[in-house]
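[1] 3D, please:
(one chain, ligands or ions: 1)
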Amino acid sequence: MLRAAGCFYIAFSGGEILTRRDFFKIAAYARKLHFALRLFTNATLVNAKAANKIASLHPYCVEVSLYGFRKTHDYVTQVRGSFDRTMGGIKLLRNRGVKVLAKSVLMNCNADEIHMLKLFVGKDIGISWRGVAHLISPCDDGNKRPLSLRVDNDMFYDYLHRKVATKGVSSPLIKSFNRRRKLNEPLCGAGFLNCSVTPYGEFNPCVQIKFKNNDLRHNEAIRIWREHKGFKELRRLRIKDRVECRDCRDMKYCFVCPGIVLLETGSLTARLQESCRQAGIFRKASYEAIHEHQDRDSRR
Ligand code: SF4
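    Modelled structure (predicted):
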């Protein structure tokens, strides 16, 4: 169905994809159908044999999460030695010409090393940096335990200020935010551009927004996509339906993931307090960093 619908790529994600014994069988089938593959893995199970198999799939890219340098990374994964194993896996893939991208999540335990980590990944490991997620999500069951890892105001300000200060208005972060959202835009690409299939065959708009009565063993995917009440409702929603956000002066600095909003508040369109906090800090940090950048330029 995905091929017939014109789907371009499939991202395989976990848990950890390489713990599935049939992973390579599934991935090879997807390649046979000419999908571009994005593989999300922690790379700890990538030995020479697995690296050869991954290389033979010719994936579009392999994305690996790095949470910090050795001590921090192992603290976050709670697995001693995981940083070294991840690095080993990355190098095996890189040496076989696989495009590997590192990515991270901004947390209070890694905020002071994330900029150095990005430099390390580029210069010492020779792979590209995919980016940093700022908005930590609750667990899939709604448990809010991971939210204790969110950065405080000062940490977030320092992180953004440093990120924007070097490049000023041409900073990719500024460019990405400096766009006024139109009130008639969809909330996000879930259910429009993207869909997600769980290991149990449940067909959803994304990994965060989960519906019921969407079992692919009993329904065709295209039917669920077109006719499921949840998909139809999601496609009807627009930015203007985020009623509390309509007149917000920080909207252009605000990153909101409707899936995270749903997990935290129970509604797809509610105002997310964490996004408000981050948007206010982002506005302040970007103004100040840009002015400092301009002052430096004018003194030259
Ligand atoms: S979540 Fe907060 S900052 Fe973002 S648009 Fe809504 S009110 Fe504004």
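
[2] Does anything pack onto the longest helix belonging to the chain? Which helices or strands?
    Using DSSP state H to define each element, the chain has its longest helix at helix 273-299. If you count contacts as 3 or more C-beta pairs under 8 Å, 6 or more residues apart in numbering; DSSP states H and E, helix 273-299 packs onto helix 153-165, helix 172-177. Backbone N, C-alpha and C define where each C-beta goes, glycine included.

[3] just how off-centre is the following helix or strand past the last one within its chain?
    When you say that, I think you mean helix 172-177. Where DSSP states H and E defines the elements, the next helix or strand beyond helix 172-177 is strand 196-197. Chain-centre distance of strand 196-197: 15 Å, with C-alpha atoms, centre = their mean, to the nearest Å.

[4] Give the partner strands of strand 196-197 in its sheet and their orientations.
    In the sheet, strand 196-197 lines up against strand 203-204 (antiparallel) (DSSP bridges).

[5] immediately after the partner strand, which helix or strand?
    Sequence order places helix 221-227 as the next helix or strand after strand 203-204, per DSSP H and E.

[6] What mean pLDDT does that next one get?
    Average pLDDT, helix 221-227: 94.

[7] who's in contact with it?
    1, 2, 4, 5, 195, 197, 203, 214, 216, 231 (C-beta atoms under 8 Å, 6 or more residues apart in numbering).

[8] hmm, try it at 6 Å
    With C-beta atoms under 6 Å, 6 or more residues apart in numbering as the test, helix 221-227 has contacts from 1, 203, 214, 231.

[9] Filter those down to the buried ones, ChimeraX style.
    Those of the contacts of helix 221-227 that count as buried under 16 or more other C-beta atoms under 10 Å are selected in ChimeraX with:
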select :203,214,231
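
[10] List just the nearest of the contacts of helix 221-227 to residue 189.
    residue 231 (12.9 Å; C-beta to C-beta).

[11] got the residues of the stretch 201-300 of the chain near the ligand?
    By C-beta under 6 Å from any ligand atom, the residues of the stretch 201-300 of the chain that approach the ligand are 244, 245, 248, 250, 251, 254, 256, 271, 272, 275, 276, 279.

[12] What is the neighbour count of the first one?
    Summarising burial for residue 244: neighbours were counted as other C-beta atoms under 10 Å, giving 11.

[13] Flag every buried residue along stretch 145-163.
    In stretch 145-163, counting by 16+ other C-beta under 10 Å, buried: 150, 151, 155, 156, 157, 158, 159, 160, 161, 163.

[14] could you measure the second one against the ligand, distance?
    When you say that, I think you mean residue 151. Note on residue 151: its distance to the ligand, by C-beta to the nearest ligand atom, to the nearest Å, is 17 Å.

[15] In this structure that residue contacts residue 110, no?
    No - using C-beta atoms under 6 Å, residue 151 makes no contact with residue 110, being 9.1 Å away.

[16] Lowest average pLDDT across the helices and strands packed on helix 273-299?
    Of all the helices and strands packed on helix 273-299, the minimum mean pLDDT falls on helix 172-177 (a mean of 68).

[17] in stretch 3-15, what's buried?
    10, 11, 12.

[18] and if you look at stretch 97-117?
    98, 100-107, 110-111, 113-114, 117.

[19] Widest-spaced pair of these?
    98 and 111 (29.8 Å).

[20] Could you point out which residue ranges in this protein have low pLDDT?
    Scanning the chain for pLDDT under 70 picks out the ranges 166-170, 172-180.

[21] ok, the residue in the stretch 1-150 of the chain that the ligand sits nearest to - how many residues close by?
    Ranked by C-beta to the nearest ligand atom, the top residue of the stretch 1-150 of the chain for proximity to the ligand is residue 135, at 10.8 Å. Residues near residue 135, counting by other C-beta under 10 Å, number 16.

[22] Let's verify it: helix, strand, or coil?
    coil (DSSP: H, G, I helix; E, B strand; the rest coil).

[23] Contacts only, for it.
    Neighbours of residue 135 in contact, by C-beta under 6 Å, 6+ apart: 257, 260.

[24] make it 7 Å
    By C-beta atoms under 7 Å, 6 or more residues apart in numbering, the contact set of residue 135 is 255, 257, 260, 274.

[25] how about these in TSV, adding secondary structure?
    Converted to TSV, the contacts of residue 135 look like this (three-state DSSP):
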residue	secondary structure
255	coil
257	coil
260	helix
274	helix
